[in-house]
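*Asks:* here are the coordinates; sequence isn't available:
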């Protein structure tokens with residue numbers, strides 16, 4: 001499973017019990033901002049179904065060190081997915097809820113009339 005945000009950015013992938021976050025959204029849904037950690041965040045969903053480990057466990061560094069092997073197969077999965085865009089290109093950009101995007105759309109619609 002591939003997880004995208006509203007801006008069409010790949011945020012995470014899931015394979016079986018594992019989820020790897022490349023970026024995360026911090027804050028409440030109406031004011032969230034995108035944060036890119038230095039290393040992808042690895043979560044075992046069977047062990048941590050609420051994905052609290054990265055924020056609450058003092059052993060998270062050891063867990064990451066033990067699970068670094070996950071990066072190699074994750075690269076292969078993402079690479080295969082990105083290769084499909086050659087044959088099936090993305091058709092439209094992601095939507096935006098920002099006021100700037102709304103104003104730009106209104107201005108472009110007004111200029112066409």
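*Replies:* Alright, I've got the coordinates. Everything quoted here is computed from the prediction, not taken from an experiment. Numbering: from 1, shown residues only.
*Asks:* which secondary structure elements does the biggest helix by length in the chain contact?
*Replies:* In the chain, taking DSSP state H as the definition, the longest helix is helix 71-87. The contact analysis (3 or more CB pairs under 8 Å, 6 or more residues apart in numbering; DSSP states H and E) places helix 71-87 against strand 10-15. In this view, the C-beta of every residue, glycine as well, is placed from N, C-alpha and C.
*Asks:* for residue 54, what are its contacts?
*Replies:* Residue 54 makes contact with 41, 43, 60, according to CB atoms under 8 Å, 6 or more residues apart in numbering.
*Asks:* what's the distance between it and residue 40?
*Replies:* Note on residue 54: its distance to residue 40, by CB to CB, to the nearest Å, is 11 Å.
*Asks:* overlap in contacts of these two?
*Replies:* Going by CB under 8 Å, 6+ apart, no residue sits against residue 54 while also sitting against residue 40.
*Asks:* rewinding a little: list the buried residues of the longest helix of the chain.
*Replies:* residue 74 (16 or more other CB atoms under 10 Å).
*Asks:* Now do the helix or strand that comes right after it, average pLDDT.
*Replies:* Next along the chain after helix 71-87, taking DSSP states H and E as the criterion, comes helix 99-112. Averaged across helix 99-112, the pLDDT comes to 80.
*Asks:* In ChimeraX, how would I select the buried members of the contacts of residue 54?
*Replies:* Buried residues within the contacts of residue 54, by 16+ other CB under 10 Å, are selected in ChimeraX with:
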select :41,43
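*Asks:* Which one of the contacts of residue 54 is nearest to residue 98?
*Replies:* residue 41 (25.8 Å; CB to CB).
*Asks:* Can you tell me the closest non-neighbouring residue to that closest one?
*Replies:* Nearest residue to residue 41, sequence neighbours excluded (CB to CB, 6 or more residues apart in numbering): residue 21, at 4.1 Å.
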